[in-house]
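> Following is a predicted model, sequence given first.
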Amino acid sequence: MMFNWLSLITGLFYIALGIVVIVYKFFFTLLEPAIAYTLGAVLILYGIFRIYRAVSKIKNSGNEE
């Protein structure tokens with residue numbers, strides 16, 4: 001159960017990191033705008049996926065009990 005909550009928090013951090021990459025165009029080095037937007041979008045989508053998966057597992061574990 002704790003892993004699901006940590007996965008939820010991790011998803012939020014991925015979304016925040018994606019936003020930071022898009023805004024500052026920096027990820028360990030300066031990025032070209034097209035690369036920054038692409039990397040930021042991928043990070044945000046992965047964060048959304050992590051949150052969706054965590055929420056679905058939390059709902060399923062609530063149904064099993």
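Now that the structure is in, tell me what you want to look at.

> What ranges in the chain fall below the confidence cut-off?
Along the chain, the model assigns pLDDT under 70 to residues 64-65.

> now with 80?
Along the chain, segments meeting pLDDT under 80 span 1, 62-65.

> what's the residue nearest the centre of it sitting at in phi/psi?
Compute the mean C-alpha point of the chain, and by CA atoms, centre = their mean the closest residue is residue 47, 1.7 Å away. As for residue 47, its main-chain torsions (degrees, to the nearest 10) stand at phi -60, psi -40.

> do the same with residue 26
The phi and psi values for residue 26, taken as degrees, to the nearest 10, are phi -140, psi 130.

> what's the burial count for it?
Burial of residue 26 is recorded as 11 neighbouring residues (other CB atoms under 10 Å). Using the backbone N, CA and C atoms, a C-beta is placed for each residue, glycine as well.

> Check residue 60 too.
10.

> how about residue 49, what does it touch?
Taking CB atoms under 8 Å, 6 or more residues apart in numbering, we find residue 49 in contact with residue 11.

> Now do the SS call for it.
Using DSSP: H, G, I helix; E, B strand; the rest coil, the secondary structure recorded for residue 49 is helix.

> So it versus residue 28, what's the distance?
From residue 49 across to residue 28, the span is 23 Å (CB to CB, to the nearest Å).
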